[in-house]
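1. Provided below are the primary sequence and the corresponding predicted coordinates.
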Amino acid sequence: MLKANNKLGIIFFPAFDWAISPTHPERQERLLYTQDQLREEGIFDIEGVEEYKPDVADIEDVERVHFCFPDVNSVTTRSHRISAGGAMKAADLVMTGERDCAFAMVRPPGHHAMKVVHGSRGFCNINIEAVMIEHIRETYGHKRVAIVDTDCHHGDGTQDVYWHDPDTLFISLHQDGRTLYPGSGFPQELGGPKARGRNINIPLPPNTSDEGFLMAMERVVMPILEDFKPDLVVNSAGQDNHFSDPITNMNFSARGYAALNEMLKPDIAVLEGGYSIQGALPYVNLGICLAMAGVDYSHVREPNYNPDQIKQDDQTTAYIEELCRQLPKLYFDPPAFDPKGDSRQGVISGNQFIRHKQIYYDTDGINEVQQESLTLCDKCRGLYKVETRADSGPLCLGVEIPIDACPDCKSKGYQLVEDGLIKGGYRYVQLINRKDKDYVRYGF
Amino acid sequence: MLLGIDVGGTHTDAVAIDMTGDAEVAASCKVPTHHDDLLRSVTEALAAILAEVDKDAVTQLNLSTTLSTNAIVQGKTEDVGVIVSSGPGIDPHNAMPCKDFFVIDGSIDHRGNEVRALSARQLERAVDACRENGVRVFAAVSKFSTRNPRHENTIRRMVERAEDQEGNPLADFVTLGHQLGGALNFPRRVATAYFNCSVWRLYNDFVTAVESALEEMGLGHVTVNILKADGGTMPLSQSRTMPVQSIFSGPAASVMGIIALTDIFHDSVILDIGGTTTDIAVFAEGAPLIEREGIDIGSHPTLVSALKVLSIGIGGDSAISVAGSGTVRVGPNRLGPSVCLGGTHPTLTDALNVLGASAIGDVDKSAQAIEVLASAHGLSGPDLARDAVDRASETIYDATRELVEEINSKPVYTIHELVEDKRVVPKKIYVVGGPAEAMKMDLFRRFQLSTEVPENYGVANAVGAALTRPTWELELFADTQRHTLFIPSLSYRENVHSSYDLEDAKKDAVNQLTMQLDSMGVFLQPEDAQITHASSFNMVEGMSRVGRNIRVKCQVRPHVVAVLGGR
Ligand SMILES: [Zn+2]
Ligand SMILES: [Zn+2]
């Protein structure tokens, strides 16, 4: 009988009763064939591989991360909270040492969900990796975490959530934003003034195949991880880079995904996108499970796999080689923040970093405008404030006192909330105080 | 009159149950099990019963036998040619159960589409190799055969066409993986098909011998069923092609016996203390727990469904030994019968005799033997006996706690439903088996829980065997895009219309189950067939629905046909 080198926990939550709409790519059928494949392979009979039930994320688990307006219940369903709870369960298994690593195969996904949530973007409502990571930090102490996002789409939500966090390294490999939703994820997006170089984007050209992905992993991701020395590595494991995916244009294979995970050795993988539900997901998910468990995956192959047909051309290879030469510098020696630059990247005025954003929630058809600001403090990572309005809805306020807040920033945070309530004209106000685990919302 | 015979590791127990009024035990007996001649054990038990009841009144015999289990445990099985097609996935050689194992190129996917045809050339070579190795029984297994059995059928046709050197048919028997059930799990399907073949000849010889023995004893008119590990029976004729289902049916007989003998409502622990082993089962809210997927045979997980039972090496015949340090041990060895019954080495039963908890056989002999062993280690006889019984109850207690912990840490299914987020907290202990009464007070002190020993505790397993009804389950898959309906365990295929839906599927599943049991001579009350799983998924291509993927599981759950004592 097979024995795993690493004790792997698998959390499976296919949300068989939840869909955006009956024919939407993110629908009930999505993990059906993956479940069939895993069962038919007998993967849970491998010694060392165990299946677990997901937990359910509480309102507080979400409020620790997001500013949800009007509130968490309005922007999530039970499925969203089980999906996040599945990721939390994966984290608990690893953090308590019950498992060496864990893979949360859950839906709906989360990596397009930003710090502020008014609805669904790119099929995502809440950021399940972020909910998981902040659950880890709240429960097991502060950790340095590296998130490697291997979904074909730029993980713009995760980028946004961790934009100002120097202890979270976010690396996103994705199809170049000039050719795919959400249209972001360029190398110059490096993180806020307090976290420069902690956000690394690797935009790959369409039709990149195994060779290009593994080259970027080897030459960019792995050296950066080695330097960052994270306590935990998380793979935000979207599978829509697959050559058969209907909504993207990449040429990654199941074996490529497995090899990537063998190299990355994530402590926790969390499923994100992937919409080739018959031709890719069963094989890619199987490959990742085997790679994480340290079991031979060389017999995993898609029915229509033909490496020659999907091989990237020389021009693509040359382009990626050049990317691999330039990108590491952005982490190891990031250019200083330009305080008077592009206002979408943010400007500095006095001791305030200020950024204006317009966000479109494509799934729900909502337009949001927001202004975020960060107090640039010498003693902590700074007080975060966001004013936001969805379409012509009411103005809302979010304030976050960071986990390492100095007394000054902390009292300023409470002051901001009080001022906001008295004279701000905000319909909803939410406070996230990570330092004292105090999560409060006003306005019902 | 219903007869039940349970061929156990030490004893063969038999009962006759009179069904004319309230079900009552009309006769019962215990004879020694002859391991090299199980038929003799069966006929001796039958003879003892027929001395007390009228053979013409007997209508049914349910038989539980260790034959297949023993053959596998002792490695007395036949070589099997296992021919598989796996397609992509985990290397199929990890599921290799024996040396004559052949992987043929070819692939079927999760929807049941043939992605790649079976390589006829490789298949031919595999059959040739089996012929050279003298293999006569074959298992044909393909991945996703429960969605489309095409490759298994192809392998069977090829094997059945093959001839041996003398020009006779090469294959005496072929097992097809999909007929073992509809569950997805290729490695388990391989192992189950392999074991089914490996004991096939031995088992069929036994069945033939039982049939002629019954004829000779004037019981030719009796319906004979075989116990399965899932707490149900199957007709003898059907068991000929499914011998693997008879494996580990002994513990199931005791569990079903408990159901017939007592009223269990709470979370409970069932202990069946036999001669060599104690079987431990756990009931959640009055219903026995079952293994999630199937039992392990040897180190191989299989698809053989079973009640969840833990066997440990403690029984009345367990030998008592004393380690150098003066530590008393009981079991797991058995060195012949107890001294009080003519054996040479003191046992747990002898210790219970010494303590006055029982008075079996020659009690003085028990005392002498215990005294001899005790003085050799500087102990007193009664102290040694006390230590031995303590050790036995402690071992049973520890194993029970471990089992309950395991059950609570992982989801398991009850016969009724999945116990979700429920912890099993035993509130009562039921003890059956020969030493049950003698061990009762010790177990009560150890568990600190209400402890009951029901009437007829000595032959509870045979009662369970006698009163167990048939079980059967099937899974139905329909794919309205491919216009197919398939019930793997029946090899039943049908074309369905695009409008076929979940309600149609549920109806068809129940109908097919009823018809199947009917053909086996089993009459089913409509409410006995339960739908245990039903799901339907819209399949989408592009932006439109192209069909439905429907899965329905239907079963007759294990139960007894009557309970004893007019309850
Ligand atoms: Zn994506
Ligand atoms: Zn500060």
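-> Looks like it came in fine. Ligands and ions are numbered 1, 2, ... in the order given.
2. helices along the chain, start to end?
-> With no chain named, the answer covers chain A. Using DSSP state H, the helices found in chain A span residues A:32-41, A:59-63, A:72-75, A:78-95, A:128-140, A:156-161, A:210-216, A:222-228, A:254-264, A:281-293, A:314-332, A:407-423.
3. if you could check chain B rather than the one you did, that'd help
-> Under DSSP H, chain B gives helices at B:38-50, B:67-73, B:120-132, B:150-161, B:186-198, B:200-216, B:236-239, B:249-261, B:348-354, B:363-376, B:381-409, B:436-447, B:460-467, B:502-519.
4. I'd assumed residue A:419 was in contact with residue A:426.
-> No: the criterion here is C-beta atoms under 8 Å, and residue A:426 misses it with residue A:419 at 10.1 Å. Using the backbone N, CA and C atoms, a C-beta is placed for each residue, glycine as well.
5. the two: who's more crowded?
-> Using other C-beta atoms under 10 Å in any protein chain shown, the more surrounded residue of residue A:426 and residue A:419 is residue A:426, with 21 against 11.
6. quick check: closest non-adjacent residue to the more buried one.
-> residue A:397 (4.3 Å; C-beta to C-beta, 6 or more residues apart in numbering or on different chains).
7. just list the residues touching that neighbour, thanks.
-> A:385-388, A:416-417, A:420, A:424, A:426, A:428-430 (C-beta atoms under 8 Å, 6 or more residues apart in numbering or on different chains).
8. just the buried ones from these?
-> A:385-388, A:416-417, A:420, A:424, A:426, A:428-430 (16 or more other C-beta atoms under 10 Å in any protein chain shown).
9. dump the residues you listed into a markdown table; add pLDDT and distance to residue A:262 as well.
-> Below are these laid out as a markdown table (pLDDT from 0 to 100; distance: C-beta to C-beta, whole Å):
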| residue | pLDDT | distance to residue A:262 |
| --- | --- | --- |
| A:385 | 97 | 43 |
| A:386 | 97 | 39 |
| A:387 | 96 | 45 |
| A:388 | 96 | 41 |
| A:416 | 95 | 47 |
| A:417 | 95 | 47 |
| A:420 | 92 | 49 |
| A:424 | 80 | 52 |
| A:426 | 93 | 49 |
| A:428 | 94 | 46 |
| A:429 | 95 | 47 |
| A:430 | 96 | 41 |
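10. now the strands for the stretch 201-350 of chain B?
-> B:223-227, B:233-235, B:268-273, B:278-284, B:287-290, B:296-297, B:300-301, B:309-312, B:318-322, B:328-334 (DSSP state E, counting those that start in this stretch).
11. again with the stretch 251-400 of chain A
-> A:268-271, A:347-349, A:352-361, A:366-375, A:384-390, A:395-401.
12. buried stuff in the fourth one?
-> This points to strand A:366-375. Buried, per 16+ other C-beta under 10 Å, within strand A:366-375: A:366, A:368, A:370, A:372-375.
13. what's the closest of the residues you listed to residue B:70?
-> The nearest member of those to residue B:70, counting by C-beta to C-beta, is residue A:366 at 69.3 Å.
14. residue B:82 - how many residues pack around it?
-> Residue B:82, neighbours per other C-beta under 10 Å, totals 30.
15. contacting residues for it?
-> Applying C-beta under 8 Å, 6+ apart, the residues near residue B:82 are B:96-98, B:100-102, B:138-139, B:141, B:190, B:193-194, B:197.
16. OK, contacts around residue 124?
-> No chain in the question, so chain A it is. Contacts of residue A:124 (C-beta under 8 Å, 6+ apart): A:108-113, A:157, A:363.
17. you answered for a different chain; I wanted chain B.
-> residue B:158.
18. check the contacts of residue A:124 and tell me the two furthest apart.
-> A:111 and A:363, at 13.5 Å, using C-beta to C-beta across these.
19. about what we covered before: so which of the helices of chain A is nearest residue B:57?
-> Short answer: helix A:32-41, nearest of the helices of chain A by C-beta to C-beta, at 48.3 Å.
20. fine by me, thanks again.
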